[in-house]
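*Asks:* I need the structure of the sequence given here:
(4 chains)
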Amino acid sequence: MEIIKRKDRKDAHPYIPELKELYQKGRVTRREFLRNATLLGMSAAAAYAFISPFAPKKAMAAAMPKRGGTWKCGMSLQLIDHPARLSWTEGANVVRQVSEYLSDTGPDNITRPWLCEKWVASEDLKTWDLYIRKGVKFNDGQVMTADDVIFTMNEWLNKDVGSSMLGLLSYWGGPQNIEKVDDYHIRLHLVSPNIGVPEHLWHYPGVILPRNFEGDFIKQPVGTGPFILEEFAEGERAVLKARKDYWKMGEDGQPLPYLDKVMYISMSADAGLAAFQSGQTDVHYHPRPSDYLALKDNPMAKILTVDSSYCYPIRMRVDLPPWDDNRVRTALKLCQDRKKTLQLAAYGLGKLAIDAHISPAHPAYCEKPIPAYNPKKAKELLQAYASEKGLKLPLKVKLATKNDEAEPEIAQTLKQTALAGGFDIKLDITEAGGYWDRWTEVDLGITSWTHRSIATMVLPLAYTKESIGAWNETRWYDDEFSALLKDAEAQLDVEKRRSIMCKLEDIMQERGPIALSYWVQIMEIVNKRVHGMEAHPTHMHTTLRSTWLDG
Amino acid sequence: MVRFLVRSVVSTIITILLVSIGLFVLIEVGSGDISVKILGVFSTPEQRASYRAQLGLNAPTWQRYLDWLVGNDWRAKSRMTYPLITLKNPKTKEVEWWADVDGQATRWKMDKGELKRLVRKEDGFSKVMPAESDWIKGEGTEEFFWGVDNRNNAVKFVKGSGEEVWVLTKAGLRKQGDGPREYIPLRKGLIRGDAGLSWQYNRPVSMILKPRVRNTLVLAGVAFVVVMPLALFFGILAGINEGKLLDRIISITSLGATSTPEFVTGIFLILIFGIWLKVLPAVTMFTSSNAIFENPMMLALPVMTLTAVELGYVARMTRASMVEVMDSAYIRTAIVKGMPYWRVVFRHAIRNALMAPITIIMLHVNWLIGGVVVVEVIFGYPGLGKFIFDSAIFGDFSAIEAAAMVTVLIAIITRLIGDLAYTLLNPRVRYA
Amino acid sequence: MNAEAAANEENKSEKRTKPSLWKTISIIFESRVATIGMVMVAFWVIVGCISLVWTPYDPNSSDFIQNLSPNATNWLGTDHMGRDLLSRLMQGTQVILLKTRLPGGEHSIPGGVAIWGVLGSLFLGVILGLNAGYRRGWTDQIIMQVLDALIAFPQIVLYLVVIAALGQGDMVVILAITITGAPGVARLARSLALDIQTRDYIRAAETRAESAWFIMFREILPNARGPLLVDSMLRVGYAIFMIGTLGFLGIGLPPPDPDWGSMVNEARKYIFVNQLPVIWPALAISTLVIGLNLFADGLREELMRYQK
Amino acid sequence: MAEPTRRKSEDIPVLDIENLAVAYKVRGGEVEAIQNVTLDIKKGESHGIVGESGCGKSTCAWSIINFLGANGYVKRGTIKFQGKNLVGKKGEELRRLRGDQIAMVYQDPMQSLNHSMVLGEQLKEVLTVHQGMSNKAAEKDCIRMLEKVQMPDAANVMRRFPHQISGGQQQRVVIAMALLNNPALLLMDEPTTALDVTVEAAVLDLIADLRKEFNTAIMYITHDLGVVARVSTRVGVMYAGEMVERATVEELFKSPQHPYTQGLMRCVPKLGTDRSSSILYPIPGRVPPPGGRPAGCVFWPRCDYVRKRCREERPKLRSIAGTETWVRCHFSEDIDMGSWEPPEDLVLPGTVQKKEVDETILEVKGLKKYYRVRGNSLKDVFGMGEKQYVKAVEHASFKVPRGKTLGIVGESGCGKSTLVKTIIGLERATDGEARFLGFDITNSISARDRKLIQELQMVFQNPDSTMNPSYTVGQQIARPLKRFNVMPKEKITDEVLRLLRSMRLDEKYYDRLPRQLSGGEKQRVGIARALASHPDLVLCDEPVSALDVSVQAAIINLLLEIQEEFGTTLIFISHDLSVTRFFSEYVCVMYLGQIMELGPAEEIYAPPYHPYTEALLSAVPIPDPTAKQKRVRLQGVVPSAIAPPSGCRLNTRCPRREMLPDPDICLTDPPWREVHPGHHIYCHIPLDELRKIDPVVSIKEVNHAG
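*Replies:* Model prediction:
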C-alpha cells in the first residue's frame, strides 16, 4: 500500500489499492488489472509501471515508421448521415478517421482516455469527472472544448437524432445530468451507478462533433481526427487524406498520421478477396473463414488475430411456438455439436462457447464447462413437448439466416446435427440485406453480433424488456436476469461481478433464448507492407493513425 | 421507309409506356404495403396510415403512377400561395423544393400551432421567422395554408389543428404534433429526370444512377466494340467454310463459349489473370469516379468475360445466315457469272448475310445487359447492373423502378437502331 | 440438284405403313449431331433420376474432410463443408430438370423448374403467336406491341424486379422464365403461322367455315410443331443458364436442395483453395446446355430435310 | 420462230456431250441423276430439252458449267466445249469460262438477282471482271445491251434494285447479263416458266431474235412442249435421266418415235381442240426416282408396247435410218403412232355432247372487290392520307348454268383468284350482288349457312400445299364429312374409301401422309376432299398448272368424269388458254380486274376477238412448230391496280387502239358489245371492225390428236 503516494490517491479511485492487492494475490489477471485500473482513471503508464516496474516505458518499435503512401481497403460502404446514428462498423471505420472518441479501447480490449486526458469516478460510481484534452483542434480550425463535447452528448440523448447511444446511456438520465464545470471539465451525474462509462464513450456512434454540427456528416465532415474526408460516395468509395495539424505526434516527432491517403472502396467480400490477392488492396476487411483458408499460405499476406465477443447466436423467438417452450429451446441447444461447427464454419479458429452471450473476452467472464453434443437428451425433451402438443417428431422448423459470413455453414451443420435430436430444420438462407430486413422478425435465425468490450454493454441491449422493439430480437427477458444485470452494471469488484456473471450465464444457459457454438477469433489480413496496424475485436480500424506502409 | 421509321418510333414509345406501367404496377402493387416494409411489423396501423399519407401512398394507383412518371409539382403549384422553386443544395448537390417568397427561398413548419417560415440562407441552412400572416381563410372559420415542409413535401397546414403525425427517424417512429393535414411528396417525375429518393442511400436515385449508367455504358460499349467485329469475322469465316474443319472448330468453340455461364468464366479469368499470373487487375476498383478512364486495364477482364459469352452467340448467328446466303440463287448467279470467289463473298454475300445478325444482335442487347449484371457483381464494377442487383436485394423500389426503366430504355433504343441498320442494309425496305 | 437428292430421299422414305412414333424418333439418330446432343442430355436426365432414389452419400451432410480432391470414396472430391460433390452434383439435376417444389416446400411436382418454365412460355407464346399470326391486323398489332414491351426487359432485370416484388421461390423462377420466354416463342409461332396460313389447306379449312381456333390449333399448330420443339430445346438451355446465374447471385432456387448455380456460389469463396467445387457444376451446366444446343441443331436439320 | 438449220455438220459443235452420267452422293450411297445423255449443239442453233420434272434436265445444264454442288460429280462421259473437254475443269480456268464463254439464264429472275445490289453493278461486273473493262465503258455497254433486250429506259434501270422492276423486266436483265460477253453457249433453264403468257411470248421472241443476231448456241430447257416448238431447232426429250429421243423440232412433232414422246403429245390439249372433239390420254404411272429406275428400258413400266426385251436390255440411243432422229427404243420402227389404241384399263371420259340445261346456279352482277392499302407518305401513316384501294375486281357480271364449266382466263393479277375467293366467301364483296342457288353470297363465309357452304367447295392450285402435312389422306377427306355431318360417323370410312377409289386411288392411300404422295396424287386427294360434301359448285383454282403434262391430263380427265357423274358445276381458273379451251363451255377473259370478253368457248377462240383476247391467243405457245400464229403483243407492263387506267383498263397497252378514229375514247368506259346472246365483248371498237381481224392461229389438223 505505501508505495502509493498520497497525491496519486487524490485522483486515483479508492478501489485501485484493493485492485492492486487482488492482483498481487493473483486473484485478478494482469490484463484484468490493467483494464480496471485504467477504467477507474489511473493512467495507463502508471498502471503498467505498477505491475512491472522494470518494464521499458514503451515497447521498442521494430523500425522507424515511413511516411506517405495510400492505404487501400475493400469494404462495403452504405449511407452515413449523423455519426450518432451509425449502425454499422464499416461506416464507423470511415467516421473514426475524421472524428475521435473521448476514450479509446485498444486492440487489447483495454480502454484508455483519448480526447479526455483522464476521468475520475466517485466511489459509488454515480459521478464521473471527464477532463477534456486541451489544444485539440477540429479540422475546420476551431478548438475543441467542453461545449463541443456537451453538444455531442446532447445529440446522443436527443430523441430526434435517434442514436443507439440513447439506449446505451439510459442510466445517464438525460442531458440535464451533464454538468459543465469549466471549458475543459465535464461532470456526469448518473441516475444509476455504471462501471461501463468509458467503454460506452467509445461506442462507435460516440464521436465528438463540433458544436455547430447540422446533422449530416457528409455535408459537414468536421472532426478532430487525423484524416479529412475528401470524398464519400455511398456504395462506391470513401477517400480520406492526411491532416497536417493533428494533435498527436508520431514516433518521428512529426504529427500523425504517417499515411497520406486512406481509401475505402466499396466491394463485395468476394471481390475484396480477389482485389487483396492481386495486390490491389492492402487490407482484406473482415475476412471469412474461407478467406483465411485462401490467404493463410499467401506469401504477401500477414494475418493479425485477436479473440473477441463477436458471435453468431442461433436465436429463438420466445414469444412464438415452439420456441416459447424452454424444453424446445434447450433441445436445440443440446443439438449443437460445437466442435464440428467450429471446424466446419471457422476451421477451428475461435473459442468454443456456452449458450450465453457473455464471452471469455469480456472481463469477469465466469468459466463454465462447454456443454456436450447430446441429441438423445434433446430428443427426450422434444418428445415430451411434442406428445404434449400432439405433434409428431421430427419437429419441422425453419432456420433463417444470411449468406454472409459463417452463417450458412453453421446452419448446415446444425440442420444435420439436429436431425438426431428430432429437429427437421429447413434452411432459409438469403443475401445479407434480405436477412437484415427481417432479422428481428424470424422465429428462428442466426444473427451475427459484433464484439462489445464488456458484457454489460450487450446484455441490456438485447435481453431486457426495455429493448423489445429495438434490439431484442428474441423478445426474451427475465426479471431475475434483469435484476442481476443491474447489480452487475453497478458492481466494481471483479470477483463479485464474476459471481454475478456466473448466475447470468447459468440463467441464459438454462432458459435463455440463444444457442451459441463458438466465439469468433477476429482477424485482420493485411499486406506485408502494412505496419503498425493491429486487429481489433470490433473489426474497427482503430490504429490507422499510426499505420504506415513499407515499400 | 418513312412509314417504317415512323411506325417503329411510335411503337417504341408505346412500348416504353407499357413497360413503365407494367413495372410500376408490378412493384407498387406486387410488393404489397410498402409502409410495413419500411416501418417494420412493430408499427401500428395508425402509424402506417400516417406514414403512407406522408409518402402520398394513400393516393390511387393511377395518380401515383402519373406522379412517378411526370411528377406532381404542377398539382401542388395550383394549391400553393407562393410559386414553387427547386434549388441545388450547395453541399450535396441534391435538388430541394422551396417556395419563392419575394425572392427568398422559404419553407414552413408549425410550432405549437403557430406557422413559422424557414428562410434559406446562402450556406444552405435556414433561419426561423414567424409567418402567422400567411394563413388563408378557407370555407367557414377554417384557416389553412399550403406550403413546403423541410421533407420536400407540399403540405397543407390548418390553423389551430396540427395533426398528430408519426415521423420516421433513424431511431424509429416518433409521434409529433403540429403536423400538416395533407401531403404531396414533391417530385418532378421520371421523364423529367427525377426518380425519387432511394431508401437504401437516402439520396435521389437519379443522382446515384447517372455515374452508374455511364460506367455500364462504357463497359457494355467496349464489350460491344470488341465482340461484334470478331464475332462477325468468325461467323463469316465459318459460314463460307461450311462443313470444313475450320467451320467445325469455330462452331464448336463458340458453342462451348456460349454454353459456359458468365459467372464461371469470370471467376476463372480472375483466378488466372488476376491472381495467379497477376497480369491484369482482378477486380475493378474505382479509386476515383473516373477510374475507368485513368486505368482502362481494369476493364480487360470484365470485357473478356462478356466477350466469351457474346462472341459465340453472335458468331453462330452470323454463320447461320452466311450459310443460308451462300447457297441462295443469286450467289449461284454470281458464281456462274464467273465472279472470283472473294468478290462473290465480299460484294454479294456479306451484305445480305449481315442483315439477319444485326437485327438479332440488337435484340440481343438485353441479353448482354443480363450478362452485365452478373459481370458487374463479380468484378465489383459500380454500374447499372450491380445497382439493380443491390436495390433488388435491399428492396429499394424507386431505385429498381428507375434502373429497370433505364435498362429497358437501352434495350429498346438499341433495337430501334437495329431496325434502322436493317432498313439501311436492305433496299427492299428502304425503297418500300 | 440437292433438290433431286432430296426428292430421292423422300421417295425412299415412302413406306406402306402408317408412320409410327418410333419412326419420328428415329430421325434423330439419322443426324450425328442430334445423337451426340441427345446422349449428353439423356446422361444428365438419367443421373438426375438415379439421384432421386440413390446418391453415393447424403448430399447435404458433411461426412468428410473439407475440400478433398477426387479420391476413391469421393470421386469428385468434397466441398468446403466436407460434403460429397458427386452426390450434390447429381442432386443438382433434380430441381432443374426433374422436380419443382411447391410453395410451402412440403410437396414437389415432377418436371423441373426449367421444364415448367419453358412449358409455360410455350403455352403462353403459342396462344399469342398463333392469334397474332393467323388473325393478323389489329390483333397482331396489339399482341406484338405487348410482346415488345415484355421483350424489352433484360431477363435478369425482370427477374430481379419480380424477386423484389414477390420474393424468392421455385414458382417465381418458373414465372420469370415463362414471362421472359413467351415473347420469343410467340414471335416464332407468329412467323410460322404467318407462313402456314398462306397454304391452300388453310383455305380449304376456311371454305369449310372451320372456327378460327380449330384452324389455329388443328390445322396450323401441328405443322409448327417441329420448329417450336427445336426452339423449346434451346429455351430449356437458356432457362438452365438463367437458373444457374440466379443461383450464383444467391437469389435463385431456395436451399436446401443444391442447384448447380448456388453450388458455384457457395464454392466461389473457396475458389482459391479448391477449384473443383466450382468446376463440376460449371461443367454440368455447360455440358447440359451444349447437349441441348446440339440436339436442337441436329433436330432442326433433320426436320428441314424431312419437311422437304 | 423456228426455222430448221440447214447448215449441217458445219464445224465442230459448240457443245458436244457424250453419254454423260452425273451422280449425287446421298446418305447411303449415291444416285445417278442423269445417265448416258448425249447431245451436241452447233453454232447459232437452239437445242431444246424437254421432259417432265425430275428427269434431270437441269442437272444436265449444271454439269456443263460444273456447278453440281458439294455432293455431285460427273461420273462418266465427256462434255466437249468447242472441242475442249470440260469435265474436271476447276478453279480459275472454269471461272473464266463461266459468264464469259458459257452464260446461263435461270427460272426465277427475282431469286437469281442480288436484291441488295443495284442492277447496274450486277451487270457491269460481268464486263469489268471478265474483260477488265473500265467502269464507264462497261456502263455504256450494259445500257446498250439493256436496250437490245428492249428494256424501257435502260439508263435508269441501271440504278434500280431488282424489286423495283417487274418480273418480265428482271428476266430481260438476266438475259442481258448473260449476253454481255457474247457467250458461245447460252444455257437457259426454264427462263419463262415463272412469267405470264404475254410476257413469256415477248421474252421468247426476244430470245429468238437475239439468237439470230448473236448467232449463239442455246440450250433451252423446258417442260412445255409448246415453248420448245417455238424456240428450238432441235429437241432432245429426256426421261428419267436419259435422253430418249432427239430430232429436229418438225420431225419430233410430226412423227415422234419414242413411246414416251408420243405419250407426251397425247397428253397436251392443242389450242382449239376441246373435250367434245378430242380426248387427252395420260401416261399411266409416274417418273421413277433416280434411285428406283427399272432395269432394261427406263420407260417400260409405263410403255404400251412393252415386250420382254424391254424389261431386260437397256436400249441404246440409235439414229433412225434416213432421219436426224435418234431414239432410245428397241422397237421404234414397229410403233405406228396413228394406230395407237388406248389400253382397256385406262378409264376415259366419254366425249361429252353439250346438253342444254339453262338453270342458272350462280349469278354475279356488278361484283366489286376492293382492298384497302396504306400509302407510304407520313400522312398515310397517321391515316390522314386519302384512302387508297386495290381495285381487284371491278363490275364482274356473269352467269353459270348448272352442270356446265366456266373457264376464267387472264394473267396474274387480273383478279381471277380474287373473284373466286369472293364467291366462295374467303373475301367479302365490296359491292354488287352474287346469288348462288338463289341465296345471296356477297357476305363472308362465316355468315353463311352450313348447307350453303357445303354446296360450294374449292380445289386448289399447289399440290404441295393443298394437303395438311400432318394428317393422313383418310383424315383429311373425312374432315368435311364430319364437319357437314353428311352421313353417320360409322359410314364415313367407307365413304372416304369410295371417294379414294373414284379418284383412282386404292385403299392403301388411306393411311398415307401427304409427303408420301406424288403431286398428282395429292391433287386427287384435294379433289376428293372438295367433293366429299357433294357440292353443287366446285371452284378450281388452276388445279393442273403446277403438274407435269402427263399427270395434268389425268387430272383433267378426272374432273371431267366427276362432272359427268355428279353433274357438278365447275368454275375453272387458268392462265393456260389451251387447257381452258379444252375444259370449259364458257370462257371469261379478265384483265386487271375487268372482264374483257365473255362467252361460249369456241366463240372466244375465234374472231371477233377482244384485243386482249387476241393478244393472249397469239401468245399461247402451241406444241406444233407448223402452226401459224400471228404476232400481236401488248407493249409496256401491267399498270398498278391501285390507280388503274380510266375507262378501258387496257387502253395503255391495247394493240388495236389505233383502229379507232379517236383513241381517246378508250379513256371512257367501253360498251358491252353483244356478238351473240351470251357472247359479249367489252370494247369501244365496233364489232364489224373486230370481225375483220383474221384468226390468230391456224393449225393444220394433225393426225395424231386421237
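*Asks:* go ahead and name everything in contact with the helix or strand hosting residue A:380.
*Replies:* Using DSSP states H and E, residue A:380 sits within helix A:375-389. Helix A:375-389 is contacted by residues A:321-322, A:325, A:327-328, A:330-332, A:334-335, A:391-393, A:395, A:417-418, A:420-423 when judged by C-beta atoms under 8 Å, 6 or more residues apart in numbering or on different chains. All C-beta atoms are positioned from the backbone trio N, CA, C, and that covers glycine.
*Asks:* from residue A:382, how far off is residue D:660?
*Replies:* 112 Å (C-beta to C-beta, to the nearest Å).
*Asks:* more neighbours, those two?
*Replies:* Using other C-beta atoms under 10 Å in any protein chain shown as the criterion, residue D:660 and residue A:382 rank with residue A:382 on top: 28 against 17.
*Asks:* the more buried one and chain B: what is the separation?
*Replies:* For residue A:382, the distance to chain B equals 28 Å [C-beta to the nearest C-beta, to the nearest Å].
*Asks:* do residue D:446 as well
*Replies:* Distance from residue D:446 to chain B, by C-beta to the nearest C-beta: 30 Å.
*Asks:* looking at it, that residue is touching residue C:209, isn't it?
*Replies:* Yes - judged on C-beta atoms under 8 Å, residue D:446 makes contact with residue C:209 at a distance of 6.1 Å.
*Asks:* intersection of neighbour lists for those two?
*Replies:* Common neighbours of residue D:446 and residue C:209 (C-beta under 8 Å, 6+ apart) are residue D:425.
*Asks:* pick out whichever of these two has more residues nearby.
*Replies:* Comparing residue D:446 with residue C:209 by other C-beta under 10 Å, the one with more neighbours is residue C:209, at 20 against 13.
*Asks:* tally of neighbours for residue D:671?
*Replies:* 12.
*Asks:* and for the one 4 residues further on?
*Replies:* Burial measure for residue D:675: 18 neighbouring residues, criterion other C-beta under 10 Å.
*Asks:* what's next to stretch C:184-203, contact-wise?
*Replies:* Here stretch C:184-203 has contacts from C:121-122, C:124-126, C:128-130, C:132-134, C:136, C:140, C:143-144, C:147, C:151, C:215-216, C:219-220, C:223-224, C:227-228, C:231-232, C:235, D:426, D:458, D:460-462, D:465-468, D:476, D:526, using C-beta under 8 Å, 6+ apart.
*Asks:* what's the ChimeraX line that selects buried ones from the residues you listed?
*Replies:* Command for ChimeraX that selects the buried part of the contacts of stretch C:184-203, burial taken from 16 or more other C-beta atoms under 10 Å in any protein chain shown:
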select /C:121,122,124,125,126,128,129,130,132,133,134,140,143,144,147,151,215,216,219,220,223,224,227,228,231,232,235 /D:426,458,460,461,462,465,466,467,468,476,526
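*Asks:* just the contacts of stretch C:184-203: which are in helices?
*Replies:* C:121-122, C:124-126, C:128-130, C:132-134, C:140, C:143-144, C:147, C:151, C:223-224, C:227-228, C:231-232, C:235, D:465-466, D:476, D:526 (DSSP state H).
*Asks:* among those residues, which are in reach of chain B?
*Replies:* residue C:151 (C-beta under 8 Å from any C-beta of the partner chain).
*Asks:* might one say that residue B:323 is in contact with residue B:239?
*Replies:* Yes - contact criterion C-beta under 8 Å: residue B:323 and residue B:239 qualify, at 5.0 Å.
*Asks:* more neighbours: which of the two?
*Replies:* residue B:239 (24 against 18).
*Asks:* list the contacts of the more buried one.
*Replies:* B:247, B:318-323, B:325-326, B:353.
*Asks:* and it, which of the three is it?
*Replies:* helix (DSSP: H, G, I helix; E, B strand; the rest coil).
*Asks:* setting aside sequence neighbours, what's the nearest residue to the closest residue to chain D within the stretch 201-350 of chain A?
*Replies:* Residue nearest to chain D within the stretch 201-350 of chain A (C-beta to the nearest C-beta): residue A:235, separated by 45.4 Å. Once flanking residues are discounted, residue A:235 sits nearest to residue A:266: 5.4 Å by C-beta to C-beta, 6 or more residues apart in numbering or on different chains.
*Asks:* that neighbour: what's it in contact with?
*Replies:* Counted by C-beta under 8 Å, 6+ apart, residue A:266 has contacts A:74-77, A:234-237, B:380, B:382.
*Asks:* mind putting the residues you listed into TSV with pLDDT, neighbour count and secondary structure?
*Replies:* Below are those laid out as TSV (pLDDT from 0 to 100; neighbours: other C-beta atoms under 10 Å in any protein chain shown; DSSP: H, G, I helix; E, B strand; the rest coil):
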residue	pLDDT	neighbour count	secondary structure
A:74	89	29	strand
A:75	87	24	coil
A:76	83	22	coil
A:77	82	22	coil
A:234	76	20	coil
A:235	76	20	coil
A:236	81	21	coil
A:237	87	24	strand
B:380	85	25	coil
B:382	86	28	coil
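*Asks:* isn't there a strand covering residue B:272?
*Replies:* No - the assignment for residue B:272, made by three-state DSSP, is helix rather than a strand.
*Asks:* how near is it to chain D?
*Replies:* 41 Å.
*Asks:* and that residue, how many neighbours?
*Replies:* 14.
*Asks:* where does chain B have its least confident helix or strand?
*Replies:* The weakest-scoring helix or strand in chain B, judged by mean pLDDT, DSSP states H and E, is helix B:30 (a mean of 67).
*Asks:* from the chain's centre, how far out does the helix or strand following it sit?
*Replies:* Using DSSP H and E, the helix or strand that follows helix B:30 in sequence is helix B:34-39. Computed by C-alpha atoms, centre = their mean, to the nearest Å, the chain-centroid distance of helix B:34-39 equals 24 Å.
*Asks:* would you indicate which residues of helix B:34-39 are buried?
*Replies:* Residues B:34-35, B:38-39 are the ones in helix B:34-39 that count as buried (16+ other C-beta under 10 Å).
*Asks:* now, which of the residues you listed sits nearest chain C?
*Replies:* Taking the buried residues of helix B:34-39 together and measuring to chain C by C-beta to the nearest C-beta, the closest member is residue B:34, at 10.9 Å.
*Asks:* my read: the closest one touches residue B:54, true?
*Replies:* No - checked against C-beta under 8 Å, the pair residue B:34 and residue B:54 is beyond contact range at 11.9 Å.
*Asks:* just say helix, strand or coil for whichever residue of the stretch 1-150 of chain C sits closest to chain A.
*Replies:* Relative to chain A, the nearest point of the stretch 1-150 of chain C is residue C:61 (5.1 Å; C-beta to the nearest C-beta). Secondary structure, three-state DSSP: residue C:61 is coil.
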